[in-house]
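**Student:** return atomic coordinates for the entry below.
(one chain, ligands or ions: 1)
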Amino acid sequence: MAEDGGAASDSPQAVALRARSVEELYELLETLGSGHFGVVRRCRERSTGTFYAAKFVKTRRCRGSRRGLERVQVEQEVAILRDLQHPNIMQLHDLFTCRAEMVLVLELMRGGELFDFIAEKEMLLEEEAIEFLEQILLGVQYLHGRHIAHFDLKPENIMLQEKDVPKPQIKIIDFGLAQKLEDGVTFKSLCGTPQYIAPEVINYEPLSSATDMWSIGVITYILLSGLSPFQGETDAETLSNVLEGAYEFEERYFSDTSEMAKDFIRQLLVKEPQERMTASECLVHPWIKPLNRKQAAKRCRSSINMKNFRKFNARRKWKLSYNMVSACNRLCRMRLLCSPRTEGEELRCCESDQEEEGSRPVTLLRRRRSSCS
Ligand code: AMP
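**Tutor:** Numbering: from 1, shown residues only. Here you go, the predicted structure:
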């Protein structure tokens, strides 16, 4: 990888821009996942033997190009990650950068996605689901306390550090859309994934930490029922359902759900952002923190709808694979258009700035990596 030079970081994690190549310092292993702008690979630090996840992000080489991400966008993701240190937030370990690509060496999530872990279970009590939700809320409370909003909370971005342990630890990943919210500065954006985005995103209204809390409401609803509250046949229909804010707790899907859980969701799926519970308020909601034995007992008697949850998860995974295959096909078509390269060049190749032929029309949502609707 071409070097930019080693500007030392003053962050607590001492993440530095490396003057050496990623392959020199890390052995690159199998692919763990991929998105529109690159791949994530398992890697092993040569000096310590520790495993990490290396996220390769293609950056644009010139203004006006649609290939890759704006460099400043990745730099923003890095700046945010550098600032974060919490047990439920994935950490940045190292960073490599060159003109056409940045490589983020991240804490490795060996346990896979939370939803996949849950889908393998025979049954799950609300009480057990709450343990996971509480960890998500602690991570989000920490972020919001630092005036950072994630803006892309969805099942793909909630992973487990390990899964074969008595109490798996949740980690929130992918800060590609995250923003530091400044006092008195309005932030608007049309980013996110239709199923999980709040009405204010679609309306292009100011966003805040409350925007994340809507997504947590959607995730909780799905976790309990295996149903997505606003999912339509198409993205446009989903967006319109979100704007209408119409959802219900259909008895056949929520027959085993406690009233406290429904109340928790009702206080998050509120159109008015200021009226939604904050992460701190969620953490003291009686469903999460029961006030008495009676409330605690209700959580032990209620369970999540595993049959439907497994169906939802299988569909979700199928759509993610479909999106990935489409992305690979697009990439292959682009590569055919570009001049041939040798295999060894592949990892570090700097993509040409030639635009994808027949690029699709501009859509409302600039959906980044691994989105699925
Ligand atoms: P991202 O581009 O950050 O959304 O990552 C794309 C995919 O790579 C994710 O959906 C995960 O499957 C995988 N991934 C990302 N970060 C990690 C990590 N730190 N550890 C393990 N897998 C990861």
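**Student:** quick one, helices of the chain?
**Tutor:** For the chain, helices defined by DSSP state H occupy the ranges 22-25, 71-82, 114-119, 126-145, 199-202, 209-225, 235-244, 251-254, 259-266, 279-283, 293-301, 306-337.
**Student:** now the second one against helix 126-145, angle please.
**Tutor:** If I follow you right, that is helix 71-82. Using axes from the mean of the first three to the mean of the last three C-alpha atoms, to 10 degrees, the inter-axis angle of helix 71-82 relative to helix 126-145 is 110 degrees.
**Student:** how far out from the middle of the chain is helix 71-82?
**Tutor:** Here helix 71-82 shows a centroid-to-chain-centroid distance of 15 Å under the convention C-alpha atoms, centre = their mean, to the nearest Å.
**Student:** which strands or helices does it pack on?
**Tutor:** With contacts taken as 3 or more C-beta pairs under 8 Å, 6 or more residues apart in numbering; DSSP states H and E, helix 71-82 sits against strand 92-97, strand 101-107, strand 179-180. (Each C-beta comes from the backbone N, C-alpha and C, glycine too.)
**Student:** got it, and the fourth one?
**Tutor:** Helix 126-145 makes packing contacts with helix 114-119, strand 170-172, helix 209-225, helix 279-283, helix 293-301 when contacts are defined by 3+ C-beta pairs under 8 Å, 6+ apart.
**Student:** just the buried positions in it, please.
**Tutor:** Neighbour-count burial for helix 126-145, with 16 or more other C-beta atoms under 10 Å as criterion, is recorded at 126-130, 132-144.
**Student:** longest strand of this protein?
**Tutor:** Of all segments of type strand in the chain, defined using DSSP state E, the longest is strand 26-35.
**Student:** so which of the helices and strands packed on helix 126-145 gets nearest Lys319?
**Tutor:** In this view, the helices and strands packed on helix 126-145 are compared for proximity to Lys319 by C-beta to C-beta, and helix 114-119 is the closest at 12.8 Å.
**Student:** same for the closest one, what does it pack against?
**Tutor:** Contact partners of helix 114-119 among helices and strands, from 3+ C-beta pairs under 8 Å, 6+ apart: helix 126-145, strand 158-160, helix 306-337.
**Student:** so it, near the ligand or not?
**Tutor:** No. With C-beta under 6 Å from any ligand atom as the measure, helix 114-119 is seen stopping short of the ligand, the closest distance being 9.7 Å.
**Student:** quick check: closest non-adjacent residue to Phe230.
**Tutor:** Using C-beta to C-beta, 6 or more residues apart in numbering and skipping the chain neighbours, the partner closest in space to Phe230 is Asn241 (4.0 Å).
**Student:** how much space separates that neighbour from the ligand?
**Tutor:** When C-beta to the nearest ligand atom, to the nearest Å is applied, the distance between Asn241 and the ligand equals 25 Å.
**Student:** same check on Phe151?
**Tutor:** Phe151 sits at a distance of 13 Å from the ligand (criterion: C-beta to the nearest ligand atom).
**Student:** what's the neighbour count on the residue nearest to that residue when sequence neighbours are not counted?
**Tutor:** Spatial nearest neighbour of Phe151, excluding adjacent residues (C-beta to C-beta, 6+ apart): Leu177 at 4.3 Å. Look at Leu177: counted by other C-beta atoms under 10 Å, it has 22 neighbours.
**Student:** do the same with the one 10 residues further on
**Tutor:** Phe187: 14 surrounding residues under other C-beta under 10 Å.
**Student:** kind regards, and thank you for your time.
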